[in-house]
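Asks: this one's structure only:
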């Protein structure tokens, strides 16, 4: 069964610290993996998207890595800010030939950054 | 910038009422999606549409219908609202048929059914 598992479920860190969020998936065949940030009460916003041939992608202080062999991805946040407090959702797209109706969403990691 | 708007941020309805959730995108995207998001469950796809008047069932279509009469607008209809349809509803859109294209989400509608 295609699944996306994220860990931890929630995380509290102090402002200025780094953190890493994990995503493990069992989706096959694999097309791409995305990380979204969702502020409370808002819609998700894309941070990164990686295909199976990419193993790292950055967006400012956010760096995503992908190991397609072990089917693991991580999202590293550097020098966290209060505005990083949000849920981070890992989304995997299977390669079924051209439809986005098959995206598989993780349940998200809720990050709280404290002053 | 792509903009996906939803008609209401918050909505309170009574059991048995017919409910319409509207979504509009301004970037001429072919594909539009309706998801619901519940704590501990993540996003689940209700319906999607890849063209005007076309629709496909997602993972949880029961109790819902959709309408896409114009390219920019995708409506979600709850024919007879029930309390288990209390949820956050998110609309999204994307361009073209490539699985690599980004989905852009609206701000969400938090629906409460009493």
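Replies: Good, I have the coordinates. From a predicted model like this one, the values you see are computed outputs, not experimental measurements.
Asks: so where's the chain uncertain?
Replies: The chain I'm using is chain A. For chain A, applying pLDDT under 70 flags the ranges A:96-100.
Asks: could you do chain B instead?
Replies: Residues of chain B that meet the cut-off, pLDDT under 70, sit at B:1-2.
Asks: run the chain-centre distance for stretch A:52-66.
Replies: Offset of stretch A:52-66 from its chain centre (CA atoms, centre = their mean, to the nearest Å): 10 Å.
Asks: repeat for stretch A:56-69
Replies: For stretch A:56-69, the separation from the chain centroid amounts to 9 Å (computed by CA atoms, centre = their mean).
Asks: what's the end-to-end length of that stretch?
Replies: The stretch stretch A:56-69 measures 14 Å between its terminal residues, going by CA to CA, to the nearest Å.
Asks: mind listing what's buried along that stretch?
Replies: Under the neighbour-count criterion of 16 or more other CB atoms under 10 Å in any protein chain shown, stretch A:56-69 has A:57, A:62, A:63, A:64, A:65, A:66, A:68 buried. Heads up, the C-betas are built off the backbone N, CA and C, glycines and all.
Asks: chain A contacts on chain B?
Replies: By the rule CB under 8 Å from any CB of the partner chain, the part of chain B lying against chain A is B:4, B:9, B:31, B:33, B:40-45, B:48, B:50, B:56, B:58, B:90, B:92, B:94, B:97-108, B:110.
Asks: ChimeraX command to pick out the buried ones of these?
Replies: Applying 16+ other CB under 10 Å to the residues of chain B next to chain A leaves a buried subset, and the ChimeraX line that selects it is:
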select /B:4,31,33,42,43,45,48,50,58,90,92,94,99,101,102,103,104,105,106,107,108,110
